[in-house]
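# With the sequence up front, the predicted model follows.
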Amino acid sequence: MEDYKEIREQLEQQHKALHRRVSAIRADLRQADAPLDADWSEQAQELENDEVLANIEDVSMSNLEQIEAALSRMDHGHYGECIECGEKISLRRLEALPFVTMCIVCARESERASKSN
Ligand SMILES: [Zn+2]
């Protein structure tokens, strides 16, 4: 069986960093519930920032889920297997994108399918 020790370390570090980021964003968004500034332009700016932050939070949360799924696949010995065809995903691909679940062939296929929708 492949040894994905380095990838696991990478995933765990990313997981920690994302966790910190999401907590920081949440703290910041909570503060935003405070009464808005009287200055309208500043208000608009604040709302815009909130939207950006909420977006980053969304992306970070889905990344967190992907990382957790990848770590759990590692725990079960399925890491690096394509969920579509069961083939091994190349190590180079895993190193570049540690939480991919599909081999390059299936990934391209599903991308094409989603684009034609
Ligand atoms: Zn595949």
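Looks like it arrived, so ask away. Numbering: from 1, shown residues only.

# for Arg108, what are its contacts?
Counting by Cβ atoms under 8 Å, 6 or more residues apart in numbering, Arg108 touches no other residue. Quick note: C-beta positions are derived from backbone N, CA and C, even for glycine.

# Now do the same for it: its pLDDT.
Arg108 is assigned a predicted lDDT (pLDDT) of 96.

# Could you report the distance from it to Ile67?
23 Å (Cβ to Cβ, to the nearest Å).

# now do Leu94
Remark: distance between Leu94 and Ile67 (Cβ to Cβ) = 13 Å.

# So for the residue most central in space within the chain, what's the pLDDT?
Nearest to the mean C-alpha position of the chain, counting by Cα atoms, centre = their mean, stands Asn63 at 1.2 Å. Looking at Asn63, its pLDDT is 94.

# Could you report the distance from it to Ile56?
Asn63 is 10 Å from Ile56, by Cβ to Cβ.

# Can you pull the domain assignment for the chain?
1-78, 80-117 (automatic domain parsing).

# any chance of those domains in TSV, plus distance to the ion?
Below are the domains of the chain laid out as TSV (distance: least, Cβ to the ion, whole Å):
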stretch	distance to the ion
domain 1-78	13
domain 80-117	3
